[in-house]
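> Following is a predicted model, sequence given first.
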Amino acid sequence: MLIPLVQGIRKFAMSAAQKPQIVFVLGAPGSGKGTICKNIVENYKFIHLSAGDLLREEQNTEGSEHGDMIKEYIKLGKIVPVEITCGLLKKAIEKSGASRFLVDGFPRNQNNLDGWEKVMSQCVDVKFVLFLDCSEEVCTERCLNRGAQGSGRTDDNLDSLKKRFNTYSNETMPIIKYYEGKGMVERVDSNRTLPEIFEDIKKIFTPFISQS
Ligand SMILES: Nc1ncnc2c1ncn2[C@@H]1O[C@H](COP(=O)(O)OP(=O)(O)O)[C@@H](O)[C@H]1O
Ligand SMILES: Nc1ccn([C@H]2C[C@H](O)[C@@H](COP(=O)(O)OP(=O)(O)O)O2)c(=O)n1
Ligand SMILES: [Mg+2]
């Protein structure tokens, strides 16, 4: 009797330990999410999944039933319904089979959070939220620069940016506040230079990796 019970407990403990670990990366458009995720991936064992990149890829996939809808939402700075975004994230997590992921630009509103919790909360372990805190002025300049340097994005223009910032203040900030209430937010001032930001990133990620 005892042996199957012990085996059962061991199996349960192993499956809990093997759940993929997730770090959400949030911040305004242009706050440096993609750039900083790239730096983290170069220094720590993480896979970077950008919700925006996955949506743009889906938008450009021939025959995608969601392509036109995604295009419209992105241009208007609106958040695509979670069934689409979370579906793309889930597929990428499962396909990769890795154990640590940076999920960049998600969850961006209550619909994103609810959809994630419904589908993912049992099978992954959200460790914390990296919040890149940056002023609207700095972010706008960076996005306009990114557009001028040929990002090819339809939303790196002043008109779309105004809408994206509205969405960020009204819909994403409450999500960051929600995680703050749970003591899960690591805030980094991303108005600064990249070397300064990376120093703070090291202070967060080195202890995290050694403890997990
Ligand atoms: N700390 C920084 N200082 C100066 N430029 C930056 C900094 N972080 C990012 N950038 C630049 O700003 C633009 C937006 O950065 P990105 O990482 O794409 O932000 P996000 O993913 O949050 O929109 C890019 O052109 C990037 O090279
Ligand atoms: N969770 C998400 C993430 C992005 N999107 C859409 C709407 C966003 O304005 C665009 C672009 O997002 P992306 O994260 O690539 O943009 P930034 O890196 O913040 O500049 O994609 C979404 O609908 N839902
Ligand atoms: Mg980005």
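Everything's here; your move. Ligands and ions are numbered 1, 2, ... in the order given.
> Show me how far the helix or strand hosting Thr167 is from its chain's centre.
Take DSSP states H and E as the rule and Thr167 turns out to sit in helix 158-167. The chain centre lies 19 Å from the centre of helix 158-167; the measure is Cα atoms, centre = their mean, to the nearest Å.
> Would you indicate which residues of it are buried?
Ser160, Leu161, Arg164, Phe165, Thr167 (16 or more other Cβ atoms under 10 Å). In short, each C-beta sits where N, CA and C put it, glycine included.
> would you turn the residues you listed into TSV with pLDDT?
Conversion of these to TSV gives the following (pLDDT from 0 to 100):
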residue	pLDDT
Ser160	96
Leu161	97
Arg164	98
Phe165	98
Thr167	98
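> ok, those residues vs ligand 3, which is closest?
Of all the buried residues of helix 158-167, Arg164 has the smallest distance to ligand 3: 11.1 Å, by Cβ to the ion.
> Look up how far Lys95 lies from that closest one.
According to Cβ to Cβ, to the nearest Å, Arg164 and Lys95 sit 29 Å apart.
> picking that back up, just the buried residues of helix 158-167 now: which is nearest Glu72?
Ser160 (11.7 Å; Cβ to Cβ).
> Let me see the contact set for the nearest residue to that closest one once chain neighbours are set aside.
Closest residue in space to Ser160, ignoring its immediate chain neighbours: Gly77 at 5.5 Å, by Cβ to Cβ, 6 or more residues apart in numbering. Counting by Cβ atoms under 8 Å, 6 or more residues apart in numbering, Gly77 touches Asp155, Ser160, Leu161, Lys162, Lys163, Arg164, Phe165, Asn166, Thr167.
> Can I get the residues you listed in CSV including distance to Arg100?
Output for those, formatted as CSV (distance: Cβ to Cβ, whole Å):
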residue, distance to Arg100
Asp155, 29
Ser160, 32
Leu161, 32
Lys162, 35
Lys163, 33
Arg164, 28
Phe165, 30
Asn166, 33
Thr167, 28
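> Which element, helix or strand, includes the residue of the chain found nearest ligand 3?
For the chain, the residue closest to ligand 3 is Gly34, as judged by Cβ to the ion, at 3.7 Å. Using DSSP H and E, Gly34 maps to helix 33-43.
> Quick check: buried residues in that helix?
So for helix 33-43, counting by 16+ other Cβ under 10 Å, buried means Lys33, Gly34, Ile36, Cys37, Asn39, Ile40.
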